[in-house]
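> fold the following and give me the result.
(one chain, ligands or ions: 1)
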Amino acid sequence: MSAHLDAYWMPFTPNRAFKADPRMVVRAEGMNYFTGDGRAVLDATAGLWCVACGHGAPRIVEAIRKAAGDLDYATNFNLGHPLAFEFAERLGAFLPAGMDRVFFTNSGSESADTALKIARAYWFARGKPKKTLLIGRERGYHGVNFGGLSVGGIAPNKTAFGPLLADVAHLPHTHDIARNAFSRGQPAHGAEFADALEAIVAEHGADKIAAVMVEPVAGSTGVLVPPQNYLQKLRALCDKHDILLIFDEVITGFGRLGANFAADFFGVKPDLLTMAKAITNAAVPMGAVACAREIYDAILGASDTPIELFHGYTTSGHPLACAAGLATLDTFHDERLVERAADLAPYWEEAMHSLRDAPHVIDIRNLGLIGGIELEPRDGTPTKRALDAFKLCFDKGVLIRVTGDIIAFSPPLIIEKTQIDQIVDTVRGALGQID
Ligand code: PXG
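Here you go, the predicted structure:
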């Protein structure tokens, strides 16, 4: 391990292995990263599901430069600056109708914890302080802070960290290769997985349950597309039992499915919706929680203290992030990126499923500009096969993302068809080369 790499404790990385064999990028533009020796690497992951407009989008870069010169920082605690109000309003118009009350955070993890706290605060404001139970889903990912970690359902993320939130229950995940392998778009089977909510209600009582939080399409765990009618069913059950529905749209927001948000794509409206990543094209860290007006009104209306919600971050609504966010919305509008993603989705689907006969492939999943390819794990060494594919693809000039033995794709929405072909050819070649 080279000594000069030791100081930086890298996130979600096998530090020892990485530092023994590091991969670095030093520059990025459009669809490509560039390594120190000038080699282009096509970004099939949009950074980490976040660089929707492509790298170095000129309007965004320019807006950040200007904002840094105009107003480097101002607190939003009992003071304001215009960009935060302007961005919240513009974002409100981009969000599903009626969800235009926006709380700013700095990441997806903070958005998840903020949404969970707002859900509880809502019931507190409504005179139901016992409605506190938070329901997540197996294999769900809602970041790494204690709330989102507790509600999330990825076991290794929890192992080392002791007791989490106690007031939590989990729905089953919807992954069902036996019935749904190689589904194009939404799988046909599994809407009934939502019925597990009835059992949780029967066990705990609806008067104890605050909210259900799910990713509309589960990303981190390896691209699990919701079965047809599953989200509609979940919404109906939440309505029936007076439970809030929170969509974690940290990866599905901002055009990923060919609609502004997954809520629009599926025609299912949550009560709270979390965002991060592409909200600023990831050029400045930012997250946000969109709230239905009723929630905002209830909490403000019921408060008997001057501060209605005792929550916020020093850099909530940071001027540089708001400037980047506004420029991101402008870029989406000018380049018609949401429509572009919708137009490309059928080509993307064909391309992904053309890998069906490649070695080791046991399932392929897709929706919008998301793809997941599940590999058969090697006997005794799960995850190694996918990791080998990742390294080989990087060496051949394509950046993919692997999680477990699943390859996840989420390219920038500016991708061209020839670049989709390049991704598929490179992955096919890599799968043919590894054992
Ligand atoms: N919710 C969802 C749905 C996410 O995908 C977060 C919350 C947390 O966001 P922050 O900004 O706190 O990281 C995420 C993050 C992967 C991968 O490989 C995905 C994420 C993070 C790291 C890896 O798919 N998503």
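> would you mind listing what in the stretch 251-400 of the chain touches the ligand?
Applying CB under 6 Å from any ligand atom, one finds that the stretch 251-400 of the chain approaches the ligand through 251, 276. Heads up, the C-betas are built off the backbone N, CA and C, glycines and all.
> can you pull out the strands in the stretch 251-400 of the chain?
Listed in chain order, the strands of the stretch 251-400 of the chain (DSSP state E, counting those that start in this stretch) span 272-275, 287-291, 361-367, 370-375, 398-399.
> state which one residue of the protein is found closest to the ligand.
The chain approaches the ligand most closely through residue 108 (2.2 Å), counting by CB to the nearest ligand atom.
> ok, and the closest non-adjacent residue to residue 197?
Once flanking residues are discounted, residue 197 sits nearest to residue 237: 4.7 Å by CB to CB, 6 or more residues apart in numbering.
> my bad, residue 196
Using CB to CB, 6+ apart and skipping the chain neighbours, the partner closest in space to residue 196 is residue 171 (4.9 Å).
> list the contacts for the one you found?
By CB atoms under 8 Å, 6 or more residues apart in numbering, residue 171 lies in contact with 135, 136, 137, 138, 193, 194, 196, 197, 200, 212, 214.
> could I get the residues you listed as JSON lines with secondary structure?
Shown next, in JSON lines, are the contacts of residue 171 (DSSP: H, G, I helix; E, B strand; the rest coil):
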{"residue": "135", "secondary structure": "strand"}
{"residue": "136", "secondary structure": "strand"}
{"residue": "137", "secondary structure": "strand"}
{"residue": "138", "secondary structure": "coil"}
{"residue": "193", "secondary structure": "helix"}
{"residue": "194", "secondary structure": "helix"}
{"residue": "196", "secondary structure": "helix"}
{"residue": "197", "secondary structure": "helix"}
{"residue": "200", "secondary structure": "helix"}
{"residue": "212", "secondary structure": "strand"}
{"residue": "214", "secondary structure": "strand"}
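> ok so, going back, mind checking how far the residue nearest to residue 196 is from residue 24?
Distance, residue 171 to residue 24, by CB to CB, to the nearest Å: 40 Å.
> give me the local confidence score for residue 68.
As predicted, residue 68 sits at a pLDDT of 98.
> ok, the residue nearest the centre of the chain - contacts?
Note on the chain: the residue nearest the mean C-alpha position is residue 251, at 2.5 Å, using CA atoms, centre = their mean. Applying CB under 8 Å, 6+ apart, we find residue 251 in contact with 49, 215, 217, 219, 220, 277, 370, 410.
> go with 7 Å
Residues in contact with residue 251, defined by CB atoms under 7 Å, 6 or more residues apart in numbering, are 49, 219, 277, 410.
> what does residue 277 give?
Applying CB under 7 Å, 6+ apart, we find residue 277 in contact with 49, 50, 108, 250, 251.
> just the ones in strands from those residues, please.
Taking DSSP state E, every one of the contacts of residue 277 sits outside strands.
> considering those, which possesses the most neighbours?
For the contacts of residue 277, the largest number of neighbours (other CB atoms under 10 Å) sits with residue 108, at 32 neighbours.
> so residue 362 makes contact with residue 376?
Yes. Assessed by CB atoms under 7 Å, residue 362 is found in contact with residue 376 at 5.0 Å.
> doesn't residue 375 make contact with residue 361?
Yes. At 6.4 Å, residue 361 and residue 375 qualify as touching, with contact defined as CB under 7 Å.
> ok, the nearest residue to residue 286 once chain neighbours are set aside to residue 149 distance?
Leaving aside its chain neighbours, residue 286 sits nearest to residue 321 (3.8 Å; criterion: CB to CB, 6+ apart). Per CB to CB, residue 321 is found 24 Å from residue 149.
> the two: who's more crowded?
The neighbour comparison of residue 321 against residue 149 (other CB under 10 Å) goes to residue 321, with 27 against 23.
> how about that one, what does it touch?
Taking CB under 7 Å, 6+ apart, we find residue 321 in contact with 280, 284, 285, 286.
> for those, give me CSV that also has neighbour count.
Shown next, in CSV, are the contacts of residue 321 (neighbours: other CB atoms under 10 Å):
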residue, neighbour count
280, 30
284, 23
285, 20
286, 30
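> the ligand contacts on the stretch 101-250 of the chain?
Residues of the stretch 101-250 of the chain that fall close to the ligand, judged by CB under 6 Å from any ligand atom: 107, 108, 109, 112, 141, 142, 143, 215, 219, 220, 248, 250.
> I'd like the mean pLDDT over stretch 422-435, please.
98.
> list the buried ones in that stretch?
Buried residues in stretch 422-435, counted by 16 or more other CB atoms under 10 Å: 422, 423, 424, 426, 427, 428, 430, 431, 434.
> for the residue nearest to residue 91 when sequence neighbours are not counted, phi and psi?
With CB to CB, 6+ apart as the criterion, residue 91 has its nearest non-adjacent residue at 5.4 Å, and that residue is residue 102. The phi/psi pair for residue 102 (degrees, to the nearest 10) reads phi -120, psi 130.
> does residue 102 really touch residue 288, like I thought?
Yes. Using CB under 7 Å, residue 102 is in contact with residue 288, at 5.4 Å.
> ok, the residue of the chain most remote from its centre to residue 125 distance?
Distance to the chain centre peaks in the chain at residue 304, reaching 35.3 Å (criterion: CA atoms, centre = their mean). Residue 304 sits 10 Å away from residue 125, going by CB to CB.
> equivalent analysis for residue 404, please.
Distance of residue 404 to residue 125, computed by CB to CB: 41 Å.
> do residue 336 as well
Taken as CB to CB, the span from residue 336 to residue 125 is 40 Å.
> with neighbour numbers in mind, choose between these two.
residue 125 (20 against 13).
> got a list of what the more buried one touches?
Residue 125 touches 298, 299, 302, counting by CB under 7 Å, 6+ apart.
> can I have the buried ones of those residues as a ChimeraX selection?
With 16+ other CB under 10 Å as the burial test, the buried ones among these are selected in ChimeraX as follows:
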select :298,299
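> show me the shaky parts of the chain.
Regions of the chain meeting the criterion pLDDT under 70 cover residues 1-3.
> and stretch 32-43, which residues are buried?
Across stretch 32-43, burial judged by 16+ other CB under 10 Å covers 32, 33, 40, 41, 42, 43.
> same check on stretch 246-260?
246-260.
> farthest-separated two in these?
Every pair in the buried residues of stretch 246-260 was compared (CB to CB); the two farthest apart turn out to be 246 and 258, at 22.4 Å.
> quick check: the closest residue to residue 296 other than its chain neighbours vs residue 274, distance?
Excluding the flanking residues, the one nearest residue 296 by CB to CB, 6+ apart is residue 101, at 3.7 Å. In this view, residue 101 and residue 274 are 14 Å apart by CB to CB.
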